[in-house]
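Asker: Got a predicted structure plus its sequence, pasted below:
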Amino acid sequence: MESTVTIPLLKDHHSHPLFYSAFNHAISLNAVKTKQAAEQILSQSFEHQNGGLTVAHGWRSNRYHWTQAEMELMPPLAVFNVSLHSLLINRGGMDYLRLKYGDTVNQIADPVWYENNLRVVLNWFANLYASRENLTQFFAQLKEIGIHYLEEMLLVDENEIKIFEDCNLLNRTRFWSAPDIFQSLSPQAKTQVHGLKLFTDGAIGSESAALHRPFLTGKKTNRGMLIYTDPELTKTIEHCLETEKSLAIHAIGDRAIEQTLSSLMHLKPRLVRAPEIRIEHAQLITEEQASVAIDLGIKLCMQPNFSSDSSNYADRLDHAYCLGNNPFRMLIDKIGYTPGENLLLGSDGMPHGIESAAQHSFFPEIPSQQISISEFIAAYCLDDFSQGSIRLKIDESIKTVGYDILPPQQQQSDSPGTIENNS
Ligand SMILES: [Zn+2]
């Protein structure tokens with residue numbers, strides 16, 4: 001049976017628009033399944049680049065891999081893992097970056113340095129290609145895939161605010177920034193920043209999410225990595241609270257979530273200084289952690305498209321983690337998290353757009369990951385149809401979602417989420 005439902009355009013609560021707009025002309029390996037297919041796409045780019053740097057993103061390490069020796073046989077190349085938390089780069093690629101960013105680039109191949117300096121590296125790439133043209137074009141493309149608004153979780157520098165301003169896009173985003181970038185901003189720019197953003201661990205794709213039980217790969221001893229020691233994290237959060245800005249804390253693994261919550265616990269009386277505190281991703285949050293988080297008034301900002309990590313990364317996550325990934329039903333039904341209030345949804349750009357968001361929300365692999373249409377609208381959509389709408393065609397029998405984007409003038413008079421059954 002196919003049904004149609006019209007919903008407002010998306011409000012993506014977690015992305016990196018300047019970074020992704022800089023990648024407008026980069027190679028996307030998101031849909032690529034084999035090494036052979038990836039190499040074919042790359043070789044086309046090498047011809048165009050004429051010795052310049054080829055940048056690719058969306059590489060999925062569960063599907064294929066290049067050794068460093070293989071990387072060295074190719075022209076200057078940088079390949080981001082789909083999670084962005086790991087990077088393959090060859091000597092030619094490093095030489096290219098070194099021209100602009102100096103000898104710090106030499107450390108890029110060290111995975112621990114990379115994870116600790118992820119933001120710095122992403123900013124390098126954003127600054128290589130960011131422009132007003134690219135940003136304008138990127139936001140036009142977002143509209144075609146159903147996104148009107150998306151939050152910038154990693155402000156690159158003060159100039160980024162200027163670029164958004166010049167492109168007339170300030171009303172389609174809000175900025176979060178790392179504490180050191182925030183300190184570097186002018187008083188005026190500081191008022192334009194909504195909140196501060198911290199990382200406490202890496203990601204599952206790069207096997208750097210901080211877990212209690214180890215990854216299944218290799219010697220089965222790797223439990224991922226924490227960016228901070230316990231006292232460091234508490235101190236860092238304490239400094240953030242002094243700015244009286246909101247706070248977003250990246251924590252994917254249960255060990256990182258545990259550490260984050262215990263730091264927040266320590267600072268409990270002072271948490272009211274932040275207008276809002278969010279945990280970003282929270283993929284492996286346990287029931288116990290969720291009840292601590294909700295009692296502390298912590299919002300969760302999660303990504304339905306990461307529900308498929310349960311099968312994509314079954315090679316590295318133990319079965320209980322796969323089953324417990326993105327436990328939306330537990331959070332909403334048992335703990336009392338309310339979509340749109342303290343449970344927000346976004347994409348992290350992996351990938352952007354309604355298609356992946358709807359597919360993973362309505363037809364996840366694991367029943368506990370399911371989100372209803374009304375919950376989806378509350379947590380992932382604009383409040384009204386003023387910017388346009390998305391007509392979803394949901395086919396329950398083959399579990400697929402199709403869509404059309406409708407401009408504002410064709411908006412429905414129905415309230416958001418009215419379902420019409422077609423057949
Ligand atoms: Zn992110």
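Answerer: Right, received. Where do you want to start? Numbers count the residues shown, from 1 in each chain.
Asker: In three-state terms, label the closest residue to the ion within the stretch 251-400 of the chain for me.
Answerer: Across the stretch 251-400 of the chain, no residue is closer to the ion than Asp348, which sits at 4.4 Å (C-beta to the ion). C-beta: built from backbone N, CA, C; applies to glycine. Recorded secondary structure, Asp348: coil (DSSP: H, G, I helix; E, B strand; the rest coil).
Asker: Is it in contact with Phe19, as I believe?
Answerer: No - with contact defined as C-beta atoms under 8 Å, Asp348 does not count as touching Phe19 (10.9 Å).
Asker: Compute the number of surrounding residues for the residue of the stretch 251-400 of the chain closest to the ion.
Answerer: Asp348: 25 surrounding residues under other C-beta atoms under 10 Å.
Asker: ok, and for the helix or strand that Ser374 is a member of, which residues are buried?
Answerer: Here Ser374 sits within helix 373-380, counting by DSSP states H and E. For helix 373-380, burial by neighbour count (16 or more other C-beta atoms under 10 Å) applies to 373, 375-380.
Asker: now swap in stretch 213-232 and tell me
Answerer: 214-216, 223-228.
Asker: Need the mean per-residue confidence for stretch 394-411.
Answerer: What stretch 394-411 shows for mean pLDDT is 87.
Asker: So what's the residue count around Ile405?
Answerer: 16.
Asker: pLDDT below threshold where in the protein?
Answerer: Scanning the chain with the threshold set as pLDDT under 70 gives 409-423.
Asker: name the element the closest residue to Val401 other than its chain neighbours belongs to?
Answerer: Nearest residue to Val401, sequence neighbours excluded (C-beta to C-beta, 6 or more residues apart in numbering): Ala358, at 4.2 Å. For Ala358, the host element (DSSP H and E) is helix 354-362.
Asker: now for that helix, which elements pack on it?
Answerer: The contact analysis (3 or more C-beta pairs under 8 Å, 6 or more residues apart in numbering; DSSP states H and E) places helix 354-362 against helix 373-380, strand 389-395, strand 400-406.
Asker: The last one vs strand 389-395, what angle?
Answerer: Angular relation of strand 400-406 and strand 389-395 on a 0 to 180 degree scale: 160 degrees, by axes from the mean of the first three to the mean of the last three C-alpha atoms, to 10 degrees.
Asker: partners of strand 400-406, with directions?
Answerer: Sheet partners assigned to strand 400-406 using DSSP bridges are listed as strand 389-395 (antiparallel).
Asker: what's the distance between the partner strand and the middle of its chain?
Answerer: For strand 389-395, the gap between its own C-alpha mean and the chain's C-alpha mean amounts to 24 Å (C-alpha atoms, centre = their mean, to the nearest Å).
Asker: now stretch 379-390
Answerer: Worked out by C-alpha atoms, centre = their mean, stretch 379-390 lies 21 Å from the chain centre.
Asker: follow-up on the earlier one: which strands or helices does the helix holding Ser374 pack on?
Answerer: strand 2-8, strand 10-15, strand 343-345, helix 354-362.
Asker: can I get these in TSV with mean neighbour count and distance to Gly51?
Answerer: Formatted as TSV, these follow (neighbours: other C-beta atoms under 10 Å; distance: least, C-beta to C-beta, whole Å):
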stretch	mean neighbour count	distance to Gly51
strand 2-8	19	46
strand 10-15	25	32
strand 343-345	24	42
helix 354-362	22	35
